[in-house]
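Visitor: need a structure here:
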Amino acid sequence: MTGTRTIQISEATYNALMEEIRLCGVSLEEWIRLHLPNGRPEQNGQVEEREETIGARLERKGLIGIIDSSQPIDPASPPIRTPLFDIIAEKLRKQGLIIP
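Guide: I've put the predicted structure just below:
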């Protein structure tokens, strides 16, 4: 089936969707296909094998960072705390563990 369809969504949902699509760097139609069950973007009737790795997804969402292992670690410098560190530390605090 070819053609176009119209759906109605709120302005807030539309804005959030367009921001997510902008961050992913894909078209609206491609983003929708990627988020359908077993969805993969098609090109000229052919299924394109393009899936985001879990590492890329976590990094895009700000849950992990990149560690540059080429630089020596200075024990005198304070640790760099990522959003993931803060999430884990909060869960451990709730369990009664104290994280420095």
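Visitor: and K91, how many neighbours?
Guide: 11 (other C-beta atoms under 10 Å). C-beta: built from backbone N, CA, C; applies to glycine.
Visitor: quick one, phi/psi of it?
Guide: For K91, the backbone dihedrals are phi -60, psi -40 (criterion: degrees, to the nearest 10).
Visitor: got a pLDDT number for it?
Guide: According to the prediction, K91 has pLDDT 88.
Visitor: and it, how far from P79?
Guide: 18 Å (C-beta to C-beta, to the nearest Å).
Visitor: could you do G62 as well?
Guide: With C-beta to C-beta as the criterion, G62 and P79 are 18 Å apart.
Visitor: what do you get for L17?
Guide: Distance, L17 to P79, by C-beta to C-beta: 36 Å.
Visitor: these two: which has the busier surroundings?
Guide: Applying other C-beta under 10 Å to L17 and P79 shows that L17 carries more neighbours, namely 14 against 8.
Visitor: which parts of this structure are strands?
Guide: With DSSP state E as the criterion, the chain has strands at 42-43, 46-47.
Visitor: from the chain's centroid, how far away is the helix of greatest length in the chain?
Guide: Using DSSP state H, we find that the single longest helix of the chain is helix 11-24. Helix 11-24 sits 13 Å away from the centroid of its parent chain (C-alpha atoms, centre = their mean, to the nearest Å).
Visitor: kindly report the same for stretch 6-13.
Guide: The answer for stretch 6-13 is 22 Å, by C-alpha atoms, centre = their mean.
Visitor: got a list of contacts for it?
Guide: With C-beta atoms under 8 Å, 6 or more residues apart in numbering as the test, stretch 6-13 has contacts from L17.
Visitor: could you give the average pLDDT over that stretch?
Guide: Mean predicted confidence for stretch 6-13 is 89.
Visitor: okay, and the helix or strand of the chain with the least pLDDT?
Guide: strand 46-47 (a mean of 48; mean pLDDT, DSSP states H and E).
Visitor: low-confidence ranges in the chain?
Guide: 1-2, 38-50, 65-71, 99-100 (pLDDT under 70).
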